[in-house]
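S.K.: structure for the following, please:
(one chain, ligands or ions: 2)
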Amino acid sequence: MQGIFITLEGPDGAGKTSVIQQLVPLLKEKSKVEIVVTREPGGIEIAEKIRQLILDPKNTDMDIRTEALLYAAARRQHLIQKILPALHQGNIVLCDRFVDSSLAYQGAGRKIGVEEVAKINEFATQGVQPGTTLYLNVDSDTGLGRIKKGRKVAEQDRLDIEKPSFHKRVQKEYLVLASEHPERIITIDAHVSLDQVVQSCYDSIIKKYPDYFA
Ligand SMILES: Nc1ncnc2c1ncn2[C@@H]1O[C@H](COP(=O)(O)OP(=O)(O)OP(=O)(O)O)[C@@H](O)[C@H]1O
Ligand SMILES: Cc1cn([C@H]2C[C@H](O)[C@@H](COP(=O)(O)O)O2)c(=O)[nH]c1=O
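M.R.: Ligands and ions are numbered 1, 2, ... in the order given. This is a model prediction of the structure:
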């Protein structure tokens, strides 16, 4: 059996981390194969180091194209070292963020342009794409409100503290991506309770990949 590559996407504070924590034990109960949980930027040592560099709020003078390239570099290493080997072993890979994040945050949020950012990511991934993306849709004010409530200012990263208009462009681009790729991106309403969001993600995965679950 071939592996399956599933990503979770959404604006900051959509609830991806919380969903993954509850969803993975539920999936593991039923899964016939191993489930590998990982995240971007990060997931392996080199990419976690790049993550620290990108997200450090002290790096205020990082150029926006440098930022885009660092995300793509972290992605390349993570793909080669962790995602592809796990898929080749037939596992389910559940990854918190992938290329769509770069399109939304660097392409639209930073205004580099989605096509420009897509090009460097094509170079980084050589066309590898998730089979399914669960997009947790939350309006950016709700997401930012959750982060402000749940995290101390010192815990907020360089992207969290961007202006509301930046986060609005990010959410808008995610909606465009979801409308352009309905075969891959499943939009989940993330304004509802965490339990409801987890249930929707669970149902979507089981429905799309019944052969992988008992
Ligand atoms: N459905 C929900 N309703 C209300 N609060 C939620 C919901 N989901 C998550 N939260 C809360 O919102 C905050 C952010 O959640 P979480 O860290 O899971 O989001 P995230 O998408 O991983 O954010 P980021 O991308 O910024 O890391 C946490 O305090 C979490 O408890
Ligand atoms: C992969 C990726 C991420 N980002 C942004 C999105 C978030 O603000 C941070 C990552 O933090 P999280 O707690 O894991 O959500 O980085 C981005 O701008 N571009 C990307 O490609």
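
S.K.: check contacts around Tyr212.
M.R.: Counting by CB atoms under 8 Å, 6 or more residues apart in numbering, Tyr212 touches 1, 4, 31-33, 92. C-beta coordinates here come from the backbone N, C-alpha and C atoms, glycine included.

S.K.: for Gly150, same thing?
M.R.: By CB under 8 Å, 6+ apart, Gly150 lies in contact with Gly13.

S.K.: now do Ile112
M.R.: The contact partners of Ile112, taken as CB under 8 Å, 6+ apart, are 64-65, 68, 106.

S.K.: tell me how far the residue nearest the centre of the chain lies from Asp63.
M.R.: In the chain, the residue lying closest to the centroid (CA atoms, centre = their mean) is Arg97, at 1.4 Å. Going from Arg97 to Asp63 by CB to CB, to the nearest Å gives 21 Å.

S.K.: now Asp96: phi and psi?
M.R.: phi -80, psi 100 (degrees, to the nearest 10).

S.K.: in this structure, which spans are helices?
M.R.: For the chain, the helices defined by DSSP state H occupy 16-30, 45-55, 64-78, 84-88, 99-102, 114-125, 140-150, 164-180, 194-208.

S.K.: what residues are up against the spatially closest residue to Asp139 that is not a sequence neighbour?
M.R.: Distance criterion CB to CB, 6 or more residues apart in numbering; nearest residue to Asp139, sequence neighbours excluded, is Gln171 at 6.3 Å. Counting by CB under 8 Å, 6+ apart, Gln171 touches 11, 104, 137-140, 143.

S.K.: now the residues you listed in TSV, with pLDDT, distance to ligand 1 and neighbour count?
M.R.: What follows is those, written out as TSV (pLDDT from 0 to 100; distance: CB to the nearest ligand atom, whole Å; neighbours: other CB atoms under 10 Å):
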residue	pLDDT	distance to ligand 1	neighbour count
Pro11	97	7	29
Ala104	98	12	28
Asn137	98	11	18
Val138	98	8	24
Asp139	96	13	15
Ser140	93	11	22
Gly143	95	7	24
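
S.K.: from the contacts of Ile112, keep the buried residues only.
M.R.: Among the contacts of Ile112, those classed as buried by 16 or more other CB atoms under 10 Å are 68, 106.
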